[in-house]
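Participant: can't give you the sequence, but here's the structure:
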């Protein structure tokens with residue numbers, strides 16, 4: 001008899017504890033392992049590792065694609081905002097020009113030339129002292145990022161003198 005074969009035992013009663021099966025014989029494995037014992041070795045559900053790896057790699061690839069497409073769209077939007085701002089300036093629509101340039105500068109805060117163009121236009125359209133003061137603050141912000149701009153420095157000095165801020169004007173000399 002081979003070790004993987006089962007020996008038949010007679011059934012001595014009709015009690016359900018002693019007779020788990022409905023047939024007349026109980027099967028007890030001889031040697032080896034019972035195939036039904038595998039379920040007892042691993043508690044909980046089995047995880048398909050291949051499926052998990054495929055899902056993980058797919059998620060990484062989709063995430064990278066999302067970031068690249070988003071970056072491409074933002075770069076395209078930056079150029080579009082700059083073009084719209086310049087065309088609004090040529091058409092004399094100063095409010096639209098300012099709005100587009102502010103949106104552009106929120107995306108590209110390091111573009112000093114665009115910031116200078118915006119500040120100079122805001123200075124030319126500023127009518128109230130409050131607006132001129134905000135332009136002065138923007139001019140000083142430009143000078144902090146690019147201290148070599150003499151045209152911007154000259155405008156900052158003029159506005160500081162106009163508001164009686166002589167100490168600030170002396171700092172810009």
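Facilitator: Alright, I've got the coordinates. Quick caveat, the model's predicted, so the values are computed rather than measured.

Participant: Domain boundaries for the protein, per the record?
Facilitator: Domain ranges of the chain: 77-109, 111-173, per automatic domain parsing.

Participant: Could I get those in JSON lines, plus columns for distance to residue 62?
Facilitator: Where you see a C-beta, it was placed from the backbone N, CA and C, and this is true even at glycine. Below are the domains of the chain laid out as JSON lines (distance: least, C-beta to C-beta, whole Å):
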{"stretch": "domain 77-109", "distance to residue 62": "22"}
{"stretch": "domain 111-173", "distance to residue 62": "32"}
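
Participant: quick one, longest helix in this structure?
Facilitator: In terms of residue count, the longest helix belonging to the chain (DSSP state H) is helix 49-90.

Participant: quick one: residue 111 and residue 118 touch, right?
Facilitator: No. With contact defined as C-beta atoms under 8 Å, residue 111 and residue 118 do not form a contacting pair (9.8 Å).

Participant: what sits in contact with each of these two?
Facilitator: Contact with both residue 111 and residue 118 is made by residues residue 105, according to C-beta atoms under 8 Å, 6 or more residues apart in numbering.

Participant: So which of those two has more stuff around it?
Facilitator: Higher neighbour count among residue 111 and residue 118: residue 118, with 22 against 17, using other C-beta atoms under 10 Å.

Participant: Alright, calling it a day.
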